[in-house]
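*Asks:* Build me a model:
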Amino acid sequence: MTETAPPSAPSLPAVPAAPGIWRRMRLWGVAHAVDDLYQGLVPACVPYFVLDRGYSYVAASGLTLAAALGSAVPQPFVGLAVDRWEMPRLAGIGVLVAGLGLGLSGLVDSYAAVWTLILLSGLGVALFHPAAGKAAREAAGESAAAMSVFAAGGSVGFFLAPVLATPALIQLGVGATVLFVPPALIVGLLLLRGRSARPGGAGAVRTGRDRWGPFLALTGVEVVRSVAFFGVLTFIELYWIRHLHAGRGTAGAALACFLVGGVAGTLLGGRIADRVGSVRTVQLGAVLAVPLFVGLRLAPGPYAPLLFAVLGGVALNIPFAVLVKLGQDYLPGRPGTAAGVTLGLAVSVGGLFAPVLGAVAQARGPEGVFGVLWVLPVVAFGLGLLLREPGADVAP
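*Replies:* Okay, the predicted model is just below:
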């Protein structure tokens, strides 16, 4: 009747991965990067819809809401379907839909049409994540470091979005979104023509009791983390332009700095978790994020805050891959559902709060948003205290 984890549970040794596993993880990482490129392009394009078409802050945040709705609502149902039936082509279809929806959004004139196409792009993301997340976990087995390669692919996609989009948007306006259709066509067709990436290795069959209590707490952590992430993505460029009086190039660099930190944090978090445990890694990321978010808001000038943008991205993303793996550990019989929630629903729900942050920005400017974002990691830490290591003998 023990209620505590065995002494070794919080500090399991890193799980070695065979070369073939790393090859498969790199494949899924690239696919994840292309898929999440289109999620990242939404906040990268939002400032240019504001500047080029005169959208209000609330209308602009509504575009983030559209992407979040399209992604969040269907994902649990897609995850259930993936767990029940073999759907090897679903990831490829998702990438195609995500790319076409976002790519065409800058070519239409009416706000309703833009909103609908971005909603469609979000739906494509919803189709991709559960199928890809299930296949990636089967390839990764029990290695958080291997799973972080897949998760980091998403962070790379978010990073590449402003790096690639900002120069094109500055020169061509929002119509430049059509330039980003080809990656979706290439990767989507590659996945559709390829074989299902089922490794049949150590991670292919997983059994055990589903633990819904810790899983719900974990979902809460991911939602709070996602609200902070989308808040930064949506308003960081406007914060640099309208509060710090920087040029558009510097504002784009600020967003890129935050996302570079996110890539590093995702990879770092997987390696930390293999050494000190998943739960401690989630809590560590939340603790580090608080002072870094405060520093981002208080640092003067357009250049000093760039350091806090990088480090804030690292801290906020340290738990990312860990949360995905931990969710599948809590629901060992439902890997697609767990991936759909942690990679999809919980992440996308953060975008649903964009209109709330948009109202804050409307009343107090973009600086008002960064004045409240530091509270969110505090909430995430509190929820993180409810988590338990998968090896602990704790009632759900």
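
*Asks:* switch to C-alpha atoms for all contacts and neighbour counts from now on
*Replies:* Fine.

*Asks:* Could you grab the helix/strand/coil label for residue 76?
*Replies:* Three-state assignment for residue 76 (DSSP: H, G, I helix; E, B strand; the rest coil): helix.

*Asks:* mind checking how far it is from residue 343?
*Replies:* Note on residue 76: its distance to residue 343, by CA to CA, to the nearest Å, is 10 Å.

*Asks:* In terms of packing, which of the two has more residues around it?
*Replies:* Shown here are residue 76 and residue 343; by other CA atoms under 10 Å, residue 343 has more neighbours (29 against 23).

*Asks:* Report the contact partners of that one.
*Replies:* With contact set as CA atoms under 8 Å, 6 or more residues apart in numbering, residue 343 has these partners: 129, 130, 133, 324.

*Asks:* Over to residue 232?
*Replies:* residue 370.

*Asks:* That one: helix or strand, and which one exactly?
*Replies:* helix 212-242 (DSSP states H and E).

*Asks:* any idea how far that helix is from the chain center?
*Replies:* 9 Å (CA atoms, centre = their mean, to the nearest Å).

*Asks:* picking up where we left off before, what about the contacts of residue 343, which one has the most neighbours?
*Replies:* Highest neighbour count within those: residue 130, with 33 neighbours (other CA under 10 Å).

*Asks:* Secondary structure element for that residue, which one?
*Replies:* For residue 130, the enclosing helix or strand under DSSP H and E is helix 111-140.

*Asks:* Flag every buried residue along that helix.
*Replies:* For helix 111-140, a neighbour-count test (16 or more other CA atoms under 10 Å) marks 114-140 as buried.

*Asks:* Ok, stretch 85-94 next?
*Replies:* So, applying 16+ other CA under 10 Å, buried residues of stretch 85-94: 88, 89, 90, 91, 92, 93, 94.

*Asks:* what comes into contact with stretch 218-225?
*Replies:* By CA under 8 Å, 6+ apart, stretch 218-225 touches 316, 320, 323, 327, 341-342, 346-347, 349-350, 376-377, 379-381, 383-384, 387.

*Asks:* Can you select the buried ones from the residues you listed in PyMOL?
*Replies:* Remark: buried members of those, expressed as a PyMOL selection using 16+ other CA under 10 Å:
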select buried, resi 316+320+323+327+341+342+346+347+349+350+376+377+380+381+383+384+387
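
*Asks:* export the buried residues of stretch 85-94 to CSV and tack on distance to residue 236 and pLDDT?
*Replies:* Formatted as CSV, those follow (distance: CA to CA, whole Å; pLDDT from 0 to 100):
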residue, distance to residue 236, pLDDT
88, 37, 75
89, 36, 84
90, 33, 89
91, 31, 87
92, 31, 89
93, 32, 93
94, 28, 93
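
*Asks:* Restricted to helices, list those.
*Replies:* Judged by DSSP state H, those include 90, 91, 92, 93, 94 as members of helices.

*Asks:* Including distance to residue 301, could those go into CSV?
*Replies:* Below are these laid out as CSV (distance: CA to CA, whole Å):
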residue, distance to residue 301
90, 46
91, 43
92, 44
93, 44
94, 41
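
*Asks:* from these, which is closest to residue 70?
*Replies:* Nearest to residue 70 out of these is residue 94 (CA to CA; 11.8 Å).

*Asks:* Just list the residues touching the closest residue to that closest one other than its chain neighbours, thanks.
*Replies:* Nearest residue to residue 94, sequence neighbours excluded (CA to CA, 6 or more residues apart in numbering): residue 124, at 4.0 Å. Counting by CA under 8 Å, 6+ apart, residue 124 makes contact with 70, 71, 93, 94, 95, 96, 97, 98, 99.

*Asks:* The fourth one: what's it in contact with?
*Replies:* Applying CA under 8 Å, 6+ apart, one finds that residue 94 lies in contact with 35, 123, 124, 125, 126, 127, 128, 188.

*Asks:* How about the first one?
*Replies:* By CA under 8 Å, 6+ apart, residue 70 lies in contact with 118, 119, 120, 121, 122, 123, 124, 126.

*Asks:* Mind doing that once more with 7 Å?
*Replies:* 119, 120, 122, 123 (CA atoms under 7 Å, 6 or more residues apart in numbering).

*Asks:* wait, the first one sits on residue 63?
*Replies:* No: because the distance of 8.2 Å does not satisfy CA atoms under 7 Å, residue 119 is recorded as not touching residue 63.

*Asks:* Do you know the pLDDT at residue 256?
*Replies:* The model reports residue 256 with a pLDDT of 83.

*Asks:* In the stretch 101-250 of the chain, where is pLDDT below threshold?
*Replies:* For the stretch 101-250 of the chain, residues meeting the criterion pLDDT under 70 lie at 140-143, 195-208.

*Asks:* For residue 265, which non-adjacent residue is spatially closest?
*Replies:* Distances taken as CA to CA, 6+ apart put residue 314 closest to residue 265, at 4.0 Å, once the chain neighbours are dropped.

*Asks:* Is the one you found in contact with residue 269, as I believe?
*Replies:* No: counting by CA under 7 Å, residue 269 is not a contact partner of residue 314; they are 9.0 Å apart.

*Asks:* Would you mark the buried spots in the helix of greatest length in the chain?
*Replies:* The single longest helix within the chain, with elements called by DSSP H, is helix 19-53. Within helix 19-53, the residues scored as buried using 16+ other CA under 10 Å are 21-22, 24-50.

*Asks:* now stretch 210-226
*Replies:* 210-211, 214-226.

*Asks:* Could you single out the nearest of these to residue 148?
*Replies:* The nearest one, if we look at the buried residues of stretch 210-226 relative to residue 148 and count by CA to CA, is residue 222, at 15.6 Å.

*Asks:* Take the strand or helix carrying the residue nearest to residue 265, keep the C-alpha atoms, and write them as PDB.
*Replies:* Applying DSSP H and E as the criterion places residue 314 in helix 304-317. Written as PDB, here are the backbone C-alpha positions of helix 304-317 (Å, rounded to 0.1, in the frame of the first residue of the first chain):
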ATOM      1  CA  ALA A 304      18.100  44.000 -24.500                       C
ATOM      2  CA  PRO A 305      14.700  42.200 -24.400                       C
ATOM      3  CA  LEU A 306      15.900  39.900 -27.200                       C
ATOM      4  CA  LEU A 307      18.000  37.900 -24.700                       C
ATOM      5  CA  PHE A 308      14.900  37.400 -22.600                       C
ATOM      6  CA  ALA A 309      12.900  36.400 -25.700                       C
ATOM      7  CA  VAL A 310      15.400  33.600 -26.400                       C
ATOM      8  CA  LEU A 311      15.600  32.400 -22.800                       C
ATOM      9  CA  GLY A 312      11.900  32.700 -22.300                       C
ATOM     10  CA  GLY A 313      11.400  30.500 -25.300                       C
ATOM     11  CA  VAL A 314      13.800  27.900 -23.800                       C
ATOM     12  CA  ALA A 315      12.100  27.800 -20.500                       C
ATOM     13  CA  LEU A 316       8.500  27.700 -21.900                       C
ATOM     14  CA  ASN A 317       9.400  24.700 -24.200                       C
END
